[in-house]
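>>> Turn this into a structure:
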Amino acid sequence: MIDLYTWGTPNGRKISIMLEATGLPYRVHPIDITAGDQFEPDFLEISPNNRIPAITDDEGPEGQPVRLFESGAILIYLAEKTGLFIPTDPLRRTECIQWLMWQMGGFGPMLGQAHHFNRFAEETIPYAIRRYSDESRRLWGVLDKQLAGKAFVIGEDLSIADFAIYPWACRYEWQGIDRNDFPHVKDWMDRLAQIEFIQFGMQVP
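Prediction:
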């Protein structure tokens with residue numbers, strides 16, 4: 001059994017989508033980051049960086065229990081555990097991980113800054129709003145170009161790259177993004193929104 005420690009954020013929903021997609025049995029432990037649950041000692045034993053999501057798996061490699069934090073690492077772990085949603089061909093696998101890292105290094109952090117300065121900052125800082133909104137648009141443009149002529153991020157097959165990117169794209173309004181400006185991303189999002197396990201995963205916790 002996998003225990004998922006999460007909250008209703010894009011990073012958290014990457015993992016609930018993956019768990020729903022693979023059919024692995026799991027239990028959900030809500031970590032209310034608005035109440036400071038992420039700083040509780042028991043959670044810090046699993047996620048020392050005090051961030052969600054995190055998992056424990058009592059059936060890890062060679063039957064040993066494992067604890068994992070960082071959403072990208074968890075996605076790769078679950079893909080390797082099940083053999084699902086990551087290509088076996090070395091070149092396509094590299095492409096998949098490349099786009100996962102693109103999300104981890106850019107599409108998540110930069111969009112997250114746009115969320116903060118557009119919605120949550122205690123004061124309006126025009127420079128920060130402009131900087132992160134512009135970078136969000138640039139990154140959406142990169143994704144739109146990648147999705148031209150493709151069903152999914154790396155081609156015709158769903159992968160952990162899609163699961164990582166999709167929940168962040170779903171908060172486009174927080175980023176000041178008009179989806180109609182990025183038609184390939186819009187079509188991709190509409191396709192994913194029709195998949196039942198993605199619908200379920202997006203509702204966790």
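
>>> burial count for the nearest residue to residue 80 once chain neighbours are set aside?
Leaving aside its sequence neighbours, residue 80 sits nearest to residue 86 (CB to CB, 6 or more residues apart in numbering; 7.0 Å). (Each C-beta comes from the backbone N, C-alpha and C, glycine too.) Residues near residue 86, counting by other CB atoms under 10 Å, number 21.

>>> Then residue 45?
Using other CB under 10 Å: residue 45 sits among 11 other residues.

>>> So which other helices or strands are in contact with the helix or strand where it lies?
Element membership of residue 45 [criterion: DSSP states H and E] is helix 41-46. Judged by 3 or more CB pairs under 8 Å, 6 or more residues apart in numbering; DSSP states H and E, the packing partners of helix 41-46 are strand 54-57, strand 66-69.

>>> Can you classify the residue nearest to residue 80 by secondary structure?
coil (DSSP: H, G, I helix; E, B strand; the rest coil).

>>> Same check on residue 29?
Strictly by three-state DSSP, residue 29 counts as strand.

>>> which residues touch the residue nearest to residue 80?
Residue 86 makes contact with 76, 79-80, 93, 96-97, 159-160 under the criterion CB atoms under 8 Å, 6 or more residues apart in numbering.

>>> swap the cut-off to 10 Å and go again
Listed by CB atoms under 10 Å, 6 or more residues apart in numbering, the contact set of residue 86 reads 75-76, 78-80, 92-93, 96-97, 100, 154, 157, 159-161.

>>> where's it relative to residue 58, distance?
23 Å (CB to CB, to the nearest Å).

>>> neighbours of the residue lying closest to residue 103 once chain neighbours are set aside, just the number please.
Nearest residue to residue 103, sequence neighbours excluded (CB to CB, 6+ apart): residue 164, at 4.4 Å. Counted with other CB under 10 Å, the neighbours of residue 164 add up to 29.

>>> Is residue 164 located within a helix, as I assumed?
Yes. Checked against three-state DSSP, residue 164 lies within a helix.

>>> surely it meets residue 98?
No. With contacts counted by CB atoms under 10 Å, residue 164 stays clear of residue 98, the gap being 11.6 Å.

>>> which residues do the two both contact?
residue 153.

>>> Okay, strands next: where are they in the protein?
Using DSSP state E, the strands found in the chain span residues 2-6, 26-30, 54-57, 66-69.

>>> residues contacting residue 190?
So residue 190 contacts residue 179 (CB under 10 Å, 6+ apart).

>>> ignore the last one, residue 18
Residues 4, 24, 26, 71, 74-75, 77-79, 82, 84-85, 160, 163-164, 197, 201 are the ones in contact with residue 18 under the rule CB under 10 Å, 6+ apart.
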